[in-house]
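*Asks:* sequence unknown, structure follows:
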Ligand SMILES: N[C@@H](CCC(=O)N[C@@H](CS)C(=O)NCC(=O)O)C(=O)O
């Protein structure tokens, strides 16, 4: 398998999961501005949508969209329990959580990276985003992980929340979220993924 990634982008979450699972994989770096890959070809040949993450399977299939990639990877090694089994109610809860992270947290803050958006509009985006962080803080004040035990949704949430300093948002305002970031950031797979990406906190 090959994971196309950009340092500290949302592709960090499948990267963490690949390491948590101990699966063999190759990393291909994408320059998100030029769309050039470290292989020399344009990333647009791999994913015409032009964004990471993309996972290329050994049979040549290309899988995109974070929540789909995360679930595919977890299902390759069910004994690691990074996702509940397909067809169970717990799996539906995971899908609910991944959808929340992707649509409300990831997409909810990604416009804040844009230098074209005026600050007063960013303030409006932030107000809505803060409400979502309040919800998450309440959830994580009752448990250490989004769904009881560490799983793919935690790797995804960790990745997106690691962008907050870039938006001048201080995570300490949400005490449970700050503890969550420390807890996930201490995992060996997370440290290894960040080191392998040579990541500084910019998408
Ligand atoms: N819907 C996609 C969004 C992926 C995404 O937002 N990727 C960003 C990095 S976090 C990216 O590569 N953006 C570059 C671009 O859109 O040109 C997913 O959930 O995987």
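*Replies:* Structure received. Nothing here was measured: the structure is a model prediction, and the numbers come from that model.

*Asks:* what does this structure put close to the ligand?
*Replies:* 6, 9-10, 32, 50-53, 65-66, 102, 110, 203 (Cβ under 6 Å from any ligand atom). For glycine as for every other residue, the C-beta is placed from the backbone atoms N, C-alpha and C.

*Asks:* again, 8 Å this time
*Replies:* Neighbours of the ligand within the chain, by Cβ under 8 Å from any ligand atom: 6, 9-11, 30, 32, 35, 49-53, 64-67, 69, 102, 106-107, 110, 203.

*Asks:* can you flag which of the residues you listed belong to helices?
*Replies:* Applying DSSP state H to those, the entries found in helices are 66-67, 69, 107, 110.

*Asks:* what about residue 52, neighbour count?
*Replies:* By other Cβ atoms under 10 Å, the residues close to residue 52 number 27.

*Asks:* what helix or strand is the closest residue in space to residue 67 that isn't next to it in sequence located in?
*Replies:* Spatial nearest neighbour of residue 67, excluding adjacent residues (Cβ to Cβ, 6 or more residues apart in numbering): residue 98 at 4.0 Å. Assigned by DSSP states H and E, residue 98 belongs to helix 89-100.

*Asks:* kindly report the same for residue 192.
*Replies:* Per DSSP H and E, residue 192 falls inside helix 188-197.

*Asks:* give me the helices and strands touching that helix, please.
*Replies:* In terms of contacts (3 or more Cβ pairs under 8 Å, 6 or more residues apart in numbering; DSSP states H and E), helix 188-197 is packed against helix 12-21, strand 26-29.

*Asks:* repeat that with 7 Å
*Replies:* Here helix 188-197 touches helix 12-21, going by 3 or more Cβ pairs under 7 Å, 6 or more residues apart in numbering; DSSP states H and E.
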